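> Structure, please.
(chains A and B)
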Amino acid sequence: MEPGFWIAPLVGGALIGLSAAAMMWLHGRIAGISGIFGGLVKPTAGDFAWRGAFVGGLVAGGLLMLLLTPAAFENTADVGLPLVALAGLLVGFGTRLGSGCTSGHGVCGISRFSPRSIVATLTFIATGAAAVLTVRALGGA
Amino acid sequence: MRQLTMFLAGVLFSVGLALAGMTQPQKVIGFLDFFGAWDPSLMFVMVGAIAVNLVLFRLTMRAKGPVYAPRFQVPTRRDLDARLIGGSALFGVGWGLAGFCPGPAIASLPTATPRVLVFVGAMVGGMVLFHAVERMRQAALSARREQATQS
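Purely as a prediction, here's the structure:
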């Protein structure tokens, strides 16, 4: 680990926190990506535009960073497409059932000291670690 | 103006994710690899995000309401239930397998790589599946209620 390895994550995290705070200040909403995106998958009337604008911003920001620093999107994790598909399915289903993901529970919820979000975050970090351990034990990446 | 600020919040979020290393699945998997070559760097993402959001959230709550909406919509539930824990557990498994959570996966769409496209497609599929299951559950519940009132 090189000496300043924590600086970029800390600054990036601060920007995420700033964006989430702006969402609350301007729109009174929790910046939970799975919830905002989920509302696009199952749209209700009058609720589509702001969700679309935010998700559009996510994609545009990704494009901007891809042009500025392509290395930020390097994917060297050796995971085959069938496993990626299973993972996506679990993430989609699980975040809707559990009412949130890393952003809604992990960032916004913990900042509010929500007991539900703290338990949710500990749970998905624990099962995430178990998944990594299992893949490694079975001889994967 | 409303939608523009929403769009800009999305851009800022995405730039933060990419800068933080969240759009590199190997880093996420490394962070979750507590019993192997643990990569602590993503812990600082949470520290930075929570520190900033914690302070600004408290300041925001002093206002009467948000700028562009009638009121703050903050979740109020405090109970723990099986759906919260089961859902989070499933999500964590998917997160650990692919190294993607929803935000970074969507931010990575412009790369148009097969892994990102398959992940986001399957994630949409998982959400559609959840909504279908939920609809069936609601229908079964209301049928049972109807039966109970008739007998």
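
> can we go C-alpha only for contacts and neighbour counts from here?
OK.

> Scan the chain for its longest helix.
Reading this off chain A. Of all segments of type helix in chain A, defined using DSSP state H, the longest is helix A:115-137.

> my bad, the chain I had in mind was chain B
helix B:114-150.

> thinking again about what came up before, hmm, the longest helix of chain A in reach of chain B?
Yes: with Cα under 8 Å from any Cα of the partner chain as the measure, helix A:115-137 is seen reaching chain B through A:115-116, A:119-121, A:123-133, A:135.

> okay, which residue is most central for chain B?
Centrality entry for chain B: nearest residue to the mean C-alpha point is B:Pro102, 5.8 Å, by Cα atoms, centre = their mean.

> Check chain A too.
Central residue of chain A (Cα atoms, centre = their mean): A:Thr102, at 4.8 Å.

> and the gap between that one and chain B?
To chain B, A:Thr102 is 7 Å away according to Cα to the nearest Cα, to the nearest Å.

> What does the pLDDT read for that residue?
Looking at A:Thr102, its pLDDT is 96.

> Kindly report the same for the one 3 residues further on.
A:His105 is assigned 96 on the pLDDT scale.

> can you check A:Leu10 too?
97.

> May I ask you to confirm that it is in contact with B:Ala20?
Yes: here A:Leu10 reaches B:Ala20: they are 6.9 Å apart, a contact under Cα atoms under 8 Å.

> any residues in contact with both of those two?
In terms of Cα atoms under 8 Å, 6 or more residues apart in numbering or on different chains, A:Leu10 and B:Ala20 are both contacted by the residues B:Val45.

> Of those two, which one has the most company?
B:Ala20 (29 against 24; other Cα atoms under 10 Å in any protein chain shown).

> Which residues are in contact with that one?
A:8-13, B:42, B:45.

> The same query, at a cut-off of 7 Å, please.
If you count contacts by Cα atoms under 7 Å, 6 or more residues apart in numbering or on different chains, B:Ala20 has them with A:8-13, B:45.

> quick one: which of the residues you listed has the most company?
A:Gly13 (34 neighbours).
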